[in-house]
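J.: Predicted model and sequence below, questions to follow.
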Amino acid sequence: MIVESAPFKSAYTYPGMQFDPATEIELMVSRLFEIKPETIKLRTRRHKVLIPRQIAIYLIRKYTALPYERIGQRFDLDHTTAIYAFQQVKNLVEVRDKEFTKAVTRIEEEIAAHPAFSGAVSSKK
């Protein structure tokens, strides 16, 4: 269930530790696609890395307040590439491409269940 509220503006700090929602999303995507977290940031067009990276960019943009420029920097990409990745996943989810929709929905459910994301799940599109 997607709850409408303000997205994370920056890292959330717990006593003694810091929570970065973008990093957590990257980890969730990496786990789902069974790749190492550092692999998702490789500058490659291999399908095994490209798809998870595009989904991570989409979810980071959707569930955080990070601008495309900062998202691009996280993945060593230009902001226009981050915009393109977001649009690609958004379009595939909207036309209900089974592979993308299943992956995105699974991670969105994980985000919604994550205690640190509580109340921060956004319906921003």
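T.: That came through fine.
J.: what are the C-alpha coordinates of the host helix or strand of Gln73, in CSV please?
T.: Using DSSP states H and E, Gln73 maps to helix 68-74. Only the C-alpha atoms of helix 68-74 are listed here, as CSV (Å, rounded to 0.1, in the frame of the first residue of the first chain):
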residue,chain,number,x,y,z
TYR,A,68,18.3,14.0,-10.8
GLU,A,69,21.7,15.6,-10.7
ARG,A,70,22.5,14.0,-7.3
ILE,A,71,21.0,10.7,-8.3
GLY,A,72,23.2,10.7,-11.4
GLN,A,73,26.2,11.4,-9.3
ARG,A,74,25.5,8.4,-7.1
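J.: And the strands in the chain, which stretches?
T.: With DSSP state E, the ranges of strands along the chain come out as 12-14, 17-19.
J.: Those: lowest mean pLDDT?
T.: With a mean of 45, strand 12-14 has the lowest mean pLDDT of the strands of the chain.
J.: Can you get me a residue count around Glu110?
T.: 17 (other Cβ atoms under 10 Å). C-betas here are computed from N, CA, C, even on glycine.
J.: who's in contact with it?
T.: Shown in contact with Glu110 (Cβ atoms under 8 Å, 6 or more residues apart in numbering): Met28.
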